[in-house]
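Q: Okay, structure incoming, though there's no sequence with it:
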């Protein structure tokens, strides 16, 4: 797809990276939508990691749930009443 090859971010030595071939059948507007979705999902995942780290730091000192959530952040969800 010629529109995909010219997108910002296609850099040597890899060039345009599309191992599953999604861009083969996509027009220019669909490629822009894919790109926007990828950026949005990346930003949400970065916020999730930040929330995980904050959960580790404020363990037991939070005003939420009467500070009854204890232990590593990976087990916090199961302790929510």
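A: Structure's in. What do you need? Note that this is a predicted model, so its numbers are computed, not measured.
Q: Using the three-state scheme, assign residue 31.
A: helix (DSSP: H, G, I helix; E, B strand; the rest coil).
Q: My guess is residue 16 contacts residue 4. True?
A: Yes. Judged on Cβ atoms under 8 Å, residue 16 makes contact with residue 4 at a distance of 5.4 Å. Where C-beta positions appear, they are placed from N, C-alpha and C, glycine not excepted.
Q: what about these two, which has more around it?
A: residue 4 (18 against 13; other Cβ atoms under 10 Å).
Q: Make sure the more buried one is indeed in a helix.
A: Yes. Applying three-state DSSP, one finds residue 4 inside a helix.
Q: residue contacts, it?
A: Listed by Cβ atoms under 8 Å, 6 or more residues apart in numbering, the contact set of residue 4 reads 10, 16, 18, 23, 26, 31.
Q: Quick check, pLDDT for it.
A: Note on residue 4: pLDDT of 70.
Q: Which secondary structure state is assigned to the residue nearest to it when sequence neighbours are not counted?
A: Nearest-residue entry for residue 4: residue 23, 4.1 Å, with adjacent residues in sequence omitted and distances by Cβ to Cβ, 6 or more residues apart in numbering. Here residue 23 is recorded as helix under three-state DSSP.
Q: got it, and residue 78?
A: Taking three-state DSSP as the rule, one finds residue 78 in the helix state.
Q: likewise residue 51?
A: What three-state DSSP gives for residue 51 is helix.
Q: Neighbours of it, how many?
A: Residue 51 is flanked by 11 other residues according to other Cβ under 10 Å.
Q: out of the contacts of residue 4, which one sits closest to residue 75?
A: Comparing the contacts of residue 4 against residue 75 with Cβ to Cβ places residue 18 closest, at 38.2 Å.
Q: roughly how far apart are the residue nearest to residue 15 when sequence neighbours are not counted and residue 11?
A: Excluding its sequence neighbours, the residue lying closest to residue 15 (Cβ to Cβ, 6+ apart) is residue 5, at 7.4 Å. Noted for residue 5: a distance of 12 Å to residue 11, by Cβ to Cβ, to the nearest Å.
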